[in-house]
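K.L.:
need a 3D model of the sequence below.
(one chain, ligands or ions: 2)
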Amino acid sequence: MGKTLYEKIWDRHVVAQQPEQPDILYIDLHLVHEVTSPQAFDGLRQAGRNVRRPDRTLATMDHSIPTLNRDQPFEDEVAQKQVEALRKNCEDFGIKLFDLFHKQQGIVHIIAPELGLTQPGQTIVCGDSHTATHGAFGTLAFGIGTSEVEHVLATQTLKQSKSKTMAIEFQGQLPTGASAKDLILALIGRYGHDFATGYTIEYRGEAIRKLSMEERMTVCNMSIEIGARAGMIAPDDTTFAYLSDKPYAPEGDQWEQAQAEWENLFSDVDAVFDKVVEFDCSKVEPQVTWGTNPGMVVSVNGQVPPLEDLSLEQRKIAESALAYMGLEPGVRIQDIEVDTVFIGSCTNGRIEDLREAAAIVNGYSVKDGIRALVVPGSQAVKAQAESENLDRIFIDAGFEWREAGCSMCLGMNPDIAKPGDRVASTSNRNFEGRQGRQSRSHLVSPAMAAAAAITGRFTDVRGWPLRTGEGVTR
Ligand SMILES: CC(C)[C@H](C(=O)O)[C@@H](O)C(=O)O
Ligand code: SF4
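P.N.:
Numbers count the residues shown, from 1 in each chain. Ligands and ions are numbered 1, 2, ... in the order given. Next up is the predicted model:
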């Protein structure tokens, strides 16, 4: 019987196997950030151990850091302590750190791919649930807890039991005007926010093959929002082209050899998945979430679901979500007004996302009274955007242009939405309190967030009158 991509990568990384026990997997790359690592390093110190492979460990600061005035002490003492601890830990244990002012600093899931550290066939872990982002490269990448972070630091291995496998076959083509974010939100909306619990997903099909690496990362990023352990896409020419000029990608003969190996990373035709799901993407429209999990989502031309269509149990959940969101059943999505717009995060903080948003914003102004932030996912994305003058487009329109970090994706740094604020956000979680206590999050694509900043409400970006080149000071 053939093997799935997941099984191929798994089998190549098993270093020890015993009946009835989890396997021990070798980890190729361990990514570290300031929030989930301090206790792990403390544990190492207490045990008198070293980091086994500092050269396969990389740290960055992203979650708790401010995106403004970074040369000043942080207002938040906990955040200050976290970054100081990471600095000391990286120094003591010999780990490369992209510190606050480093030109490669950024969100952990943005920097490893853009540096070419994320490569097909690897195992990648990080104390962070959105690690599946790296699966876009045909990589087995997943989040781990802090005690596992300590284990990987000490041994470069991890105890793991195999998950079940699910193939999601996207059928048809993604229509013009619908983005990768809309695709994944529509999928979650169709099947629910926990339908892949216990599975590793392989995303397949024509629509996936046509996506750029940035778009594939957006899809894989949200795997955890369907409950999946990991999500992956078999590498192809798009993957190889993306990697070919990246600083840490292999070169010359080593590249040839690596690519030859990567070309075998696909699920064999006779491989068997535990579950196969088919999803027709030919009718996907721009999506907007209305509730408090990413599965509570409809088309921008839709409405908040009328409750009578729901089962009793679903109705209770929807009622509580709507009470939190300050919305009534049946309200048209395009009638919902926002007061805050956040463009950024590891879901949509890459250069293509900023280009997509800037194309909408170009020549327009942010509606009066709206607070709008663009936060590049990394300093490299920021520099690239600035070289293309995208920053000017945003700033001229009235957006704030910030330093790289997680920012308003989660209320763990100064970029917090206030109680009652309604945010159009390109991030991946709309849980209660996610962007600040009592704040209300609506997940959308970068283009949809940009349009909402200008009109003040959710607006269908298909048919948006682009003003490229007009009214822009450069
Ligand atoms: C802070 C961190 C542990 C957390 C995660 O694991 O995902 C964060 O990145 C998030 O997106 O909620
Ligand atoms: S950008 Fe958001 S989802 Fe991504 S790692 Fe940071 S907090 Fe988590």
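K.L.:
and the residue of the stretch 151-300 of the chain nearest ligand 2?
P.N.:
Per C-beta to the nearest ligand atom, Asn221 is where the stretch 151-300 of the chain lies closest to ligand 2, at 7.5 Å. In this view, the C-beta of every residue, glycine as well, is placed from N, C-alpha and C.
K.L.:
which residue, neighbours along the chain excluded, lies closest to that residue?
P.N.:
The shortest distance from Asn221 to any non-neighbouring residue, by C-beta to C-beta, 6 or more residues apart in numbering, is to Thr133 (4.2 Å).
K.L.:
correct me, but the one you found touches Arg216?
P.N.:
No: contact between Thr133 and Arg216 fails when scored by C-beta atoms under 8 Å: they sit 9.3 Å apart.
K.L.:
so which of those two has more stuff around it?
P.N.:
Remark: of Thr133 and Arg216, Thr133 carries more neighbours, 32 against 28, as counted by other C-beta atoms under 10 Å.
K.L.:
so how far is ligand 1 from that one?
P.N.:
In this view, Thr133 and ligand 1 are 11 Å apart by C-beta to the nearest ligand atom, to the nearest Å.
K.L.:
part of a strand, is that residue?
P.N.:
No: with DSSP: H, G, I helix; E, B strand; the rest coil as the criterion, Thr133 is located in helix rather than a strand.
K.L.:
show me the contacts for it.
P.N.:
By C-beta atoms under 8 Å, 6 or more residues apart in numbering, Thr133 lies in contact with 109, 113, 141, 217, 220-221, 346.
K.L.:
which bits of the stretch 351-474 of the chain sit near ligand 2?
P.N.:
Contact residues, the stretch 351-474 of the chain versus ligand 2 (C-beta under 6 Å from any ligand atom): 406, 409-410, 427-428.
K.L.:
in CSV, list the residues you listed along with secondary structure.
P.N.:
CSV is the format used below for those (three-state DSSP):
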residue, secondary structure
Cys406, coil
Cys409, helix
Leu410, coil
Ser427, coil
Asn428, coil
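K.L.:
pick out the most distant pair among those.
P.N.:
For these, the farthest-apart pair by C-beta to C-beta is Cys406 and Asn428; their separation is 11.0 Å.
K.L.:
can you list residues touching both of those two?
P.N.:
Counting by C-beta under 8 Å, 6+ apart, the residues touching both Cys406 and Asn428 are 345-346.
K.L.:
returning to what we had before: tell me which of the contacts of Thr133 fall in helices.
P.N.:
Counting by DSSP state H, these place 109, 113, 217, 220-221, 346 in helices.
K.L.:
among those, the buried ones, what's the PyMOL command?
P.N.:
In PyMOL, this line selects whichever of those come out buried by 16 or more other C-beta atoms under 10 Å:
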select buried, resi 109+113+217+220+221+346
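K.L.:
excluding chain neighbours, what is closest to the residue nearest in space to the middle of the chain?
P.N.:
What sits nearest the mean C-alpha location of the chain, by C-alpha atoms, centre = their mean, is Thr347, with 3.1 Å. The spatially closest residue to Thr347, leaving aside those adjacent along the chain, is Asn428, at 4.4 Å (C-beta to C-beta, 6+ apart).
K.L.:
OK, contacts around that neighbour?
P.N.:
Applying C-beta under 8 Å, 6+ apart, we find Asn428 in contact with 130, 221-222, 225, 294, 345-347, 409, 443.
K.L.:
list the contacts for whatever residue of the stretch 1-150 of the chain ends up closest to ligand 1?
P.N.:
In the stretch 1-150 of the chain, the residue that lies nearest ligand 1 is Ser129 (3.4 Å; C-beta to the nearest ligand atom). Ser129 is in contact with 143, 224, counting by C-beta under 8 Å, 6+ apart.
K.L.:
quick check: end-to-end length of stretch 154-172?
P.N.:
Stretch 154-172 has an end-to-end distance of 46 Å (criterion: C-alpha to C-alpha, to the nearest Å).
K.L.:
any idea of the mean pLDDT in that stretch?
P.N.:
Across stretch 154-172, the average pLDDT comes to 98.
K.L.:
tell me the buried residues in that stretch?
P.N.:
Under 16+ other C-beta under 10 Å, the buried positions of stretch 154-172 are 154-158, 160, 163, 165-170.
K.L.:
just how off-centre is it within its chain?
P.N.:
For stretch 154-172, the separation from the chain centroid amounts to 17 Å (computed by C-alpha atoms, centre = their mean, to the nearest Å).
K.L.:
what does stretch 181-194 contact?
P.N.:
168, 170, 174, 207, 218-219, 221-222, 225-227, 277, 279, 281, 284-287, 289, 293-298, 347-348, 426, 443-446.
K.L.:
so which of these are in strands?
P.N.:
Counting by DSSP state E, the contacts of stretch 181-194 place 168, 170, 277, 279, 287, 289, 297-298, 443 in strands.
K.L.:
okay, buried residues for the helix or strand hosting Asp92 please.
P.N.:
Assigned by DSSP states H and E, Asp92 belongs to helix 77-93. Buried residues in helix 77-93, counted by 16+ other C-beta under 10 Å: 79, 82-83, 85-87, 89-90, 93.
K.L.:
same question, stretch 301-308
P.N.:
Those would be 302-305, for stretch 301-308 by 16+ other C-beta under 10 Å.
K.L.:
having no further points to raise, I will conclude here.
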